[in-house]
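S.K.: okay, predicted coordinates and the sequence, questions at the end:
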Amino acid sequence: MLSPTDALERLRTGNRRFASEMRSHDPLVGRDRRAELLAGQAPFAIILGCSDSRVPAEIVFDQGLGDLFVIRVAGNIIAPSLVGSVEFAAEQFGTRLVVVLGHTNCGAVTATLDELERPSGSRSPNLRSIVDRIRPTVEELRHTDLWHDRPTLLHYAVRANIRASAAQLRHGSQILEHLIAHEGLLIVGAEYSLETGLVDFFDENGRS
């Protein structure tokens, strides 16, 4: 199994290939690879990402079958079942890198900003549950000068939401806290640019 540092570099390298349109031609999804994986899987990274159709993790990082354990939900929010999925992969497969992957112009974050400006009672309880999980982080920006500059506000809100999700994983699970403290698990926040195709790992274990 790759170390967290090596796994992160593999993601960076794959993303650079994707963004420069030099994607790997290795048989990462062919019959032989499928046969190899019949005996089991050993993903080198766990990706908790947004469900946005423009941000498929395997393509964005130029990886193949069995390489990534991907969990996707609108707004890359944190809920018990999602934490459980991360715990499962980290314990079951020994994967030591978790990436919370958000993206520019996130629709779930935009919907949350809209809700703060113009509260709506028409959302279903299920959709509202997504907005309500993003709201506390975004609401902190409400009383800043950013609130009057929507493009800049959205940029900061997306990153704040990614940081919040990464922090919840780091501090909201005894299993993950143990793996961080004793077995080198690394949880990183990252933002994918819809404009450039590049991923910015801007929140590496809460240090930036």
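M.R.: Nice, I can see it.

S.K.: ok, and for stretch 132-145, which residues are buried?
M.R.: Residues of stretch 132-145 classed as buried by neighbour count (16 or more other Cβ atoms under 10 Å): 133-135, 137-138, 141. The C-beta positions use only the backbone N, C-alpha and C, and glycine is treated the same way.

S.K.: one more: stretch 57-68?
M.R.: Within stretch 57-68, judged by 16+ other Cβ under 10 Å, the buried ones are 57-58, 60-64, 66-68.

S.K.: and for stretch 15-24?
M.R.: 15, 18-19.

S.K.: rebuild these as TSV, extending it with distance to residue 81 and pLDDT.
M.R.: Formatted as TSV, the buried residues of stretch 15-24 follow (distance: Cβ to Cβ, whole Å; pLDDT from 0 to 100):
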residue	distance to residue 81	pLDDT
15	27	97
18	29	96
19	32	97
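
S.K.: going by distance to residue 174, which of these wins?
M.R.: residue 15 (31.8 Å; Cβ to Cβ).

S.K.: helices or strands up against the helix or strand where that closest one lies?
M.R.: Taking DSSP states H and E as the definition, residue 15 sits inside helix 4-19. Where contact means 3 or more Cβ pairs under 8 Å, 6 or more residues apart in numbering; DSSP states H and E, helix 4-19 is packed against strand 45-49, helix 57-60, strand 97-103, strand 186-192, strand 199-204.

S.K.: I'd like the next helix or strand past that helix.
M.R.: helix 31-36.

S.K.: I'd like the distance between the nearest residue to residue 201 once chain neighbours are set aside and residue 108.
M.R.: Nearest residue to residue 201 in three dimensions, chain neighbours excluded: residue 190, at 4.6 Å (Cβ to Cβ, 6 or more residues apart in numbering). Distance of residue 190 to residue 108, computed by Cβ to Cβ, to the nearest Å: 16 Å.

S.K.: kindly report the same for residue 121.
M.R.: 19 Å.

S.K.: what sits closest to residue 28 if chain neighbours are left out?
M.R.: Nearest non-adjacent residue to residue 28, counting by Cβ to Cβ, 6+ apart: residue 64, 2.3 Å away.

S.K.: so who does that neighbour touch?
M.R.: For residue 64, the contacting residues are 24, 26, 28-29, 33, 58, by Cβ atoms under 8 Å, 6 or more residues apart in numbering.
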